[in-house]
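A.B. asks: model this:
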Amino acid sequence: MSLSSSSPVPVPRTAVPLGITDPVEKARAELKATLAAIEVKGNLPRRVANSTERNVAKARAFSRQSPAAAAAAVVVGAAAIGLLVWGAVRAYTR
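C.D. replies: Numbering: from 1, shown residues only. Prediction:
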């Protein structure tokens, strides 16, 4: 494949395509790109879901590579949460 191919390069949703000469069309393209960027940045539930999916995939890969270390991490995490809850209840009841 050569670098000088005539196929168009895909433009991301948050970018304005080059070569627009009409000012109205350019303003529309800029507005469309701006709204897409706001949606990407402002859609917190989607960002959290994507981040969660990435972290779950990493955790599954880690547990496949070293199951003993993954089990130890689960035990340590459970103990830490237990100590945190115990400390909070103890502080609350005093």
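A.B. asks: Stretch 59-78: how far from the chain's middle?
C.D. replies: With CA atoms, centre = their mean, to the nearest Å as the basis, the distance from the averaged C-alpha position of stretch 59-78 to the chain average is 22 Å.
A.B. asks: for the host helix or strand of Leu35, which positions count as buried?
C.D. replies: Applying DSSP states H and E as the criterion places Leu35 in helix 23-42. With burial defined by 16 or more other CB atoms under 10 Å, the residues of helix 23-42 counted as buried are Ala29, Ala33. Bear in mind the C-beta positions are built from the backbone N, C-alpha and C, glycine included.
A.B. asks: Next, the buried residues of the next helix-or-strand element following that helix.
C.D. replies: Counting by DSSP H and E, the next helix or strand C-terminal to helix 23-42 is helix 44-65. By neighbour count, and taking 16+ other CB under 10 Å as the criterion, helix 44-65 has no buried residues at all.
A.B. asks: Helix 44-65 packs against which elements?
C.D. replies: Secondary-structure packing of helix 44-65 (3 or more CB pairs under 8 Å, 6 or more residues apart in numbering; DSSP states H and E): helix 67-93.
A.B. asks: which stretches of the chain aren't confidently modelled?
C.D. replies: Applying pLDDT under 70 to the chain flags the ranges 1-11, 13.
A.B. asks: Look up how far Gly42 lies from Asn50.
C.D. replies: Taking CB to CB, to the nearest Å as the measure, Asn50 and Gly42 are separated by 14 Å.
A.B. asks: same check, this time on Ala71
C.D. replies: When Ala71 is compared with Gly42 (using CB to CB), they lie 39 Å apart.
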